[in-house]
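Visitor: My questions are about this predicted structure, shown below with the sequence.
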Amino acid sequence: MTDPQELDEIDLRILSELQKDGRIRNNELANRVGVSEPPCLRRVRSLRGRGVIRAIRATLDERHLGYEVASFVSIQLVSQTQATLQAFETSIMALPLVLQCWRISGEADFLLKCVATSVEGMHQQLLQFAAMPEVRNIRSSPVLGVSKDAPLPIPGYPAA
């Protein structure tokens, strides 16, 4: 993991600009951050190589692709042994409608962000989770709307 202090002012500017527009061309990015093109490209590649930039991708609206239902699903496992955790994570990786999976602490062991084309489709997903031998308890919270979906704050820079 990169120490935040290893990121200098130019790195932080690059990160801020890329969060505003991930499709920006290198020449425009270099111009905005105040360096020439070759060092800008080297820095972006270094940030990717060090894992600071995990991915650059489009953020899609699920509803435009037919996914009318989104839900956060908390999962409590039967135990927290490494074998149980790994078995559950392996099963989840194979489910394309589970968009994100976080291991958490508290009453639940995992929090999933899921989508489905219908309420019935979400119900089928919940039944699929319930059938997993590692799962003890499931709680689902349907999403009614999104109030905020912001990029990660860059220290010293206004939000994108």
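Guide: Structure's in. What do you need?

Visitor: so where do the helices sit in the chain?
Guide: Ranges of helices within the chain are 9-20, 26-33, 37-49, 82-93, 119-130, based on DSSP state H.

Visitor: Would you tell me which one of those is buried the most?
Guide: Comparing the helices of the chain by mean neighbour count (mean count of other CB atoms under 10 Å), helix 9-20 ranks first with a mean of 19. (C-beta placed from N, C-alpha, C; glycine too.)

Visitor: That one vs helix 26-33, what angle?
Guide: With axes from the mean of the first three to the mean of the last three CA atoms, to 10 degrees applied, the angle from helix 9-20 to helix 26-33 works out at 120 degrees.

Visitor: going forward, begin numbering at 620 instead of 1
Guide: Got it, first residue is 620 now, which makes that one helix 628-639.

Visitor: Identify the residues contacting helix 628-639?
Guide: Residues from elsewhere that reach helix 628-639 (CB atoms under 8 Å, 6 or more residues apart in numbering): 626, 643, 648, 651-654, 659, 662-663, 666, 671-672, 675, 770-771, 773-776, 779.
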